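Peer 1: pasting a predicted model and its sequence here:
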Amino acid sequence: MEHLHGSSAAVGEGGALPAPIPWLGSSGKVAPLDGAETARRASAPAAPQLIQIRRSPVAPKRAANPTTTVASTTMTNSGGPSAPTQPNKPKKAVKKLPGSGIPARKVIRALVWVRRVAQVGFLGLFLFFLFHTAFRGTFAATAGEPVRLPLPVEGFLLADPFVGAMTLLSTHTVYRGLAWSLVVFALTLVFGRVFCGWICPFGTLHHFFGWIFPSRYLRGNKRVEANKTHGWQAGKYYIMWGFIGAAAVGSSIGGLLDPICVAVRTIGLGVIPALQYFGVRSATVIASSNVHVLQSATDGTQDFLSRTVWTANQSYFHQTWLILFFLVGVLFMNRFIPRFWCRALCPLGAFLGVFARFSLFGMEKDHAKCTDCNLCLVNCQGADSPQGGVKHRQDECHMCLNCETACPEDVIKFRFLPKRTSTITKPDLQRRTLVAATAAGAVCIPGMRIGNWPDKAYSEKVIRPPGAVEERAFLERCIRCAECMKVCPNNALHPAFFEAGIEGLWTPILIPRIGYCEFSCVLCGQVCPTGAIQKITEKQKMGIGQKPISVGTAMYDQGRCLPWAMATPCIVCEEFCPTSPKAIWPEAVEVPKRDSKYQKQGEQAAMLTVKVQRPHVDPGLCVGCGACEKVCPIVDKPAVYVTNAGETRSKTNVILLENTAYGQS
Amino acid sequence: MSDPSRREALKRIGLASAALGGAVVTAKLVYDPGGFGLAQAAGKREVRDFRIHQAGLASAAKDPVFAIAKSSTDPAELVRRAVEAMGGMKRFVSRGDVVAVKPNIGWDRMPVHAANTNPLVVAEVVKLAFEAGAKEVIVTDASCNEANRCFQRSGIWRATYAVGANVILPSAHRFRDMRMKGDVLDQWPVYQPLVNADKVINVPIAKHHNLSKFTCGMKNWYGILGGRRNRLHQNIDVSIADLATFMRPTLTIVDATRVLLRNGPQGGNIDDAKDMHQVIAGLDQVAVDAYACTLIGELPANVKYLKLGHERGIGSMFWEQVPHVEV
């Protein structure tokens, strides 16, 4: 009780001293306690005091309201030109800040809302694009119209400067739409890492989870502690430099952790199919009720969802457990460290952080006014030391402007061309570690390729999408963004697990058993942001007037094939073979077949003669689409299967002496 | 610790008994002595018969069973004439009917390849159904290739949407298991929009088929099946007969305006198809198929499923003896 009196008296006297901050459990700047008071405190029962402190701000503060506001107005008017505070008007819109309660500038408060709208908007746009990374067809198209997606669904990847930089280093070129990444790059040079705080959909996801998800270990002082700058935040820079090193020796493996790639891969290959599975299963249960109203309602819902969010058929993706595990892992970390991903791992954030030093916009701090209330830290996204007494870390700052909004003391100011007296612009890195990280990334690539060299021990399962460039050039370009897998209408493309070696993790491979490559479809090339899959035309792919693009060759397992081994007619493979003339040709033969009806002991089984058509592959015509493998009725291990032998993109993985006069005779 | 009070003891005993009772009741309710799936096997045979009996009976002797229109090069005109010769669409479609039109939209091929039904033919059928008073006309098929692409590139989506049809794209939730109890088709997932309408009009295209030799109306019912229908090719003729037993359409309108003569059913080479400018409308799916199969130079007697259909009494494979007209 006495202590309380003391503190409120102090507030009254000083005017500038803050009231206790309720969720921090203690007041901001407290006058040093003398020995007697400490002793009294120690002896007094703790609990009631705590309750008192927690309750106190509400009532006394309201009472003190007019005086503090007046005080602050006068202060800011004398203090600086930058605070356009209105004279004392009864406003209810602005929540009263604790402490001196100096509200942030109007423009900043507005900008915070603009930021929130932008974040929601960009996340929405990202998801909209992701949902539409699928061909759904339209009634409006004529039969001859080439099938393309109407939207630039890969837009976020095109605007990704880290992808641009990686592929620039690995291929020494900037591929088509990747020039858009200059926009984000330019934005960073003007505003710092505004991409991280305002645009990045994966960042917004973490922002959101850091907001709704914190555990009880992440409240009050613990949150303040978590949001202070930590040494491990340098980790993302070393990761980024490692990836840059890898890119320099010819591998865009950095896409494994690029946030846009991660977002497309995890949401597109994991979250959406999982939701669809759940949705379709629930609909099936509801529809089995045989109540007509329920059935038509679920049919309508399913139709709507399959035309907006997912597609008509359930997608399955090979070994996505690791992809989802990764997503759940980084989202869960928000429980303990807000935006752990952005602060510790994100190579794109690090890349932008390197260039944030040039940004024209930035923060100025007036340390003298800081009362150490730590409100800025409670709301900080980037863990970039917005509080007084330390230098601001421009390379870590997401430009979310939360700190200035939260600051009740007029300490923090964001402005163009700020004084940099209390700012560190460069990442806090050890030069040696940086060089070591880059070198490690560079030597990793040959290290990984020794075990899976494209020319040598190359897995026959690595069937690359049609239009994919030669394997080494492919690894230079492929950023594992999974756009091609998401767009594939037949669910044929899948993230490789270790089929393509450890370096090829999550690169696209065709698994015909799950889905075959639609003959006239070139959508994977359309959405590929880096040119790992070229933007081929239908004519090139189907080989109209030229040699078609082949991704492999079909082979028969005659011991399993029904007409070959079991004297049973079938040739579904031939029926589905899309080339013209067909690469699979049937040979009509009469074969003996044992009558499988039960025979008495000692009696010979009757022998029948049946006509079957035995399929053969013409390797000169086969394009390796895998339609035959997909439809083969031998379910477990099909009697016809495709391997990458004879793929067009390779000069070495060739089975036939090439007929270079194709289509010219 | 002291002993529980009487009240406490009774409460605990009561709770334990309730839990046990609940478990017993649950077990009793869902007790399944036969094991998984046995209860289902008892389902009865299902048949989908959309035929117009009264219309057929009234003047069975003189009315044609099928009509061949070959006097025009305009597919829509051919459809109109053939249906007119069969007594007009009003004979088959009543006011307020939901009509399902089942073209062949099986393949990612364009109209010129003649692997899918001609969009002009399908659109004309839709128009006629609406003119006869149909409330809703559904156009759909369970495609072999990727459905969106088939629907778009066949031109059927655009053509039928333009005349007001409800084009439904096949998706997994629209298939439900049905018991056909055929010789090879027992229980199979069936595409619901096609079997739940009031009237069903089969609009197949006549074309070559490498395994069954010829595909048209009866084989077109493959498009009502989901699941792994590739297995059916081991006994393709019996499965086609089973399907034609299960599905009895109101009307079959065969598109033979352009006919795929080789490399069926998918084709892909323009030279494999030939313009024939014929549309056949009929009540008897076997007779219609038997006639159409002569167009690709095949004898009905050589097409095994036609024989099976004839033997099962679905229709007559001797189309010359069936009353028919040419218009």
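Peer 2: That came through, no problem.
Peer 1: which intervals of chain B have sub-threshold pLDDT?
Peer 2: B:1, B:34-43, B:54-62 (pLDDT under 70).
Peer 1: can you show me the helices along it?
Peer 2: B:6-29, B:53-58, B:75-85, B:119-131, B:147-153, B:156-162, B:192-195, B:236-246, B:285-295, B:304-311 (DSSP state H).
Peer 1: give me the contacts around the first one.
Peer 2: Where contact means CB atoms under 8 Å, 6 or more residues apart in numbering or on different chains, the residues beyond helix B:6-29 that reach it are residue B:4. All C-beta atoms are positioned from the backbone trio N, CA, C, and that covers glycine.
Peer 1: I'd like the average pLDDT over stretch A:413-422.
Peer 2: Computed over stretch A:413-422, the mean pLDDT rounds to 91.
Peer 1: about what we covered before: could the helices of chain B go into JSON lines alongside mean neighbour count?
Peer 2: As requested, the helices of chain B are exported to JSON lines (neighbours: other CB atoms under 10 Å in any protein chain shown):
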{"stretch": "helix B:6-29", "mean neighbour count": "10"}
{"stretch": "helix B:53-58", "mean neighbour count": "11"}
{"stretch": "helix B:75-85", "mean neighbour count": "22"}
{"stretch": "helix B:119-131", "mean neighbour count": "25"}
{"stretch": "helix B:147-153", "mean neighbour count": "26"}
{"stretch": "helix B:156-162", "mean neighbour count": "23"}
{"stretch": "helix B:192-195", "mean neighbour count": "20"}
{"stretch": "helix B:236-246", "mean neighbour count": "24"}
{"stretch": "helix B:285-295", "mean neighbour count": "27"}
{"stretch": "helix B:304-311", "mean neighbour count": "21"}
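Peer 1: closest to residue A:395 out of those helices?
Peer 2: Nearest to residue A:395, of all these, is helix B:147-153, at 46.5 Å by CB to CB.
Peer 1: for the closest one, packing partners?
Peer 2: Using 3 or more CB pairs under 8 Å, 6 or more residues apart in numbering or on different chains; DSSP states H and E, no helix or strand is in contact with helix B:147-153.
Peer 1: how about 10 Å then?
Peer 2: helix B:156-162 (3 or more CB pairs under 10 Å, 6 or more residues apart in numbering or on different chains; DSSP states H and E).
Peer 1: which residue is the nearest non-sequential neighbour of the spatially most central residue of chain A?
Peer 2: Nearest residue to the geometric centre of chain A (CA atoms, centre = their mean): residue A:263, 1.5 Å. Closest residue to residue A:263 apart from its sequence neighbours, by CB to CB, 6 or more residues apart in numbering or on different chains: residue A:202 at 4.2 Å.
Peer 1: please, which helix or strand holds that neighbour?
Peer 2: helix A:201-212 (DSSP states H and E).
Peer 1: ok now that helix, how far from the chain's centre?
Peer 2: In terms of CA atoms, centre = their mean, to the nearest Å, the centre of helix A:201-212 is set 12 Å apart from its chain centre.
Peer 1: could you dump the helices of chain B into TSV and include distance to residue B:269?
Peer 2: Output for those, formatted as TSV (distance: least, CB to CB, whole Å):
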stretch	distance to residue B:269
helix B:6-29	61
helix B:53-58	41
helix B:75-85	21
helix B:119-131	20
helix B:147-153	16
helix B:156-162	21
helix B:192-195	30
helix B:236-246	23
helix B:285-295	18
helix B:304-311	26
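Peer 1: closest one to residue A:407 among those helices?
Peer 2: Each of the helices of chain B has some distance to residue A:407 by CB to CB; the shortest is helix B:147-153, at 53.9 Å.
Peer 1: helix, strand, or coil at residue A:615?
Peer 2: strand (DSSP: H, G, I helix; E, B strand; the rest coil).
Peer 1: also residue A:415?
Peer 2: strand.
Peer 1: where in chain A is pLDDT low?
Peer 2: Using pLDDT under 70, chain A drops low at A:1-96, A:452-457, A:598-599, A:658-665.
Peer 1: longest helix in it, by number of residues?
Peer 2: Scanning chain A for the helix with the most residues, using DSSP H, yields helix A:106-131.
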